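Undergrad: Model the structure of this input:
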Amino acid sequence: MRPEVRRGLIALLLAAAVIAAWSGRDALTPAALAGALERLGTFAPLLFILLYALGTVLFLPGIALTLAGGILFGPVWGTLYNLTGATLGATLAFLLARHLAGDWVRRRSGPRLRRLIEGVEAEGWRFVAFTRLVPLFPFNLLNYALGLTRIPLGQYVLASALCMFPGAIAYTWLGYAGSEAAAGSEGWVQKLLLALALLAAAGFLPRLVRRLRGARNDSD
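TA: Got it, this is the predicted structure:
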């Protein structure tokens, strides 16, 4: 089978899977996910990570998965599993885009798109870090878009994992605190307040990054 035909078939299968997953996204609630995974016992962490990675590839909302991770595994292990699943999914989407369409886009792109891609490639890991901290683009779509560039895979994975860490902590803790509040556990008010503080800190990061980039550009 010719490589172009193989890549086309893979792209069609991927598109069909995305449509199927997206049509059933309403059933993907944090409580439903946590309930289903809880019954899996010792295999729950591994299956959760795989589900998170697959959900990222198929454009499912990551917030539901992240909250479910906090509900099911608590703030520490939940953050680790959420971050691992998100990084794995982002890497798979990046590689799929690079394998399926990277060369094609590069051959067909006009001068304006080529300049844009070259500008992103010149920034490299700094662009990846910036877009992870500052949510200018949808997370799932950004993974595929970055796969169309020549940013080295190692830089992409490391910058993604490090810069998604603050958000993973905040939203995992939110899921954990929400489950503690629903159960009426001791100290649930303090846990919920801490969740709000973490969300506020994560929300402040984009402003801080913009200021730092602005200061660097001014100094240049």
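
Undergrad: and the lengthiest helix in the chain, average pLDDT?
TA: In the chain, assigned by DSSP state H, the helix with the most residues is helix 62-108. For helix 62-108, mean pLDDT rounds to 89.

Undergrad: residues contacting the residue nearest the centre of the chain?
TA: The centroid of the chain falls nearest to residue 86 when counting by Cα atoms, centre = their mean (4.6 Å). Shown in contact with residue 86 (Cβ atoms under 8 Å, 6 or more residues apart in numbering): 52, 53, 56, 62, 66, 160, 164, 168. For the C-beta atoms, the positions are set from N, CA and C on the backbone; glycine is no exception.

Undergrad: The helix or strand encompassing the first one versus helix 62-108: what angle between them?
TA: It refers to residue 52. Assigned by DSSP states H and E, residue 52 belongs to helix 44-57. Angle, helix 44-57 to helix 62-108, by axes from the mean of the first three to the mean of the last three Cα atoms, to 10 degrees: 40 degrees.

Undergrad: buried set for helix 44-57?
TA: Buried residues in helix 44-57, counted by 16 or more other Cβ atoms under 10 Å: 44, 45, 48, 49, 51, 52, 53, 54, 55, 56, 57.

Undergrad: And for stretch 53-69?
TA: By neighbour count with 16+ other Cβ under 10 Å, stretch 53-69 contains the buried residues 53-60, 62, 64-69.

Undergrad: Not counting its own residues, what contacts that stretch?
TA: 14, 17-18, 21-22, 25, 28-31, 33-34, 37, 48, 51-52, 78-79, 81-82, 85-86, 88-90, 92-93, 96, 139-141, 143, 168, 171-172, 174-175, 178.

Undergrad: Quick one: buried ones out of those?
TA: Buried subset of the contacts of stretch 53-69 (neighbour count, 16+ other Cβ under 10 Å): 14, 21, 28, 30, 33-34, 37, 48, 51-52, 78-79, 81-82, 85-86, 88-90, 92-93, 96, 139-140, 143, 168, 171-172, 174-175, 178.

Undergrad: Who are the packing partners of the helix or strand residue 207 falls within?
TA: For residue 207, the host element (DSSP H and E) is helix 188-219. For helix 188-219, the packing partners by 3 or more Cβ pairs under 8 Å, 6 or more residues apart in numbering; DSSP states H and E come out as helix 125-133, helix 153-183.

Undergrad: and the worst-scoring helix or strand of the chain on mean pLDDT, what does it pack onto?
TA: When each helix and strand of the chain is scored by mean pLDDT, DSSP states H and E, helix 30-38 comes last, with a mean of 74. Judged by 3+ Cβ pairs under 8 Å, 6+ apart, helix 30-38 is in contact with helix 44-57, helix 62-108, helix 153-183.
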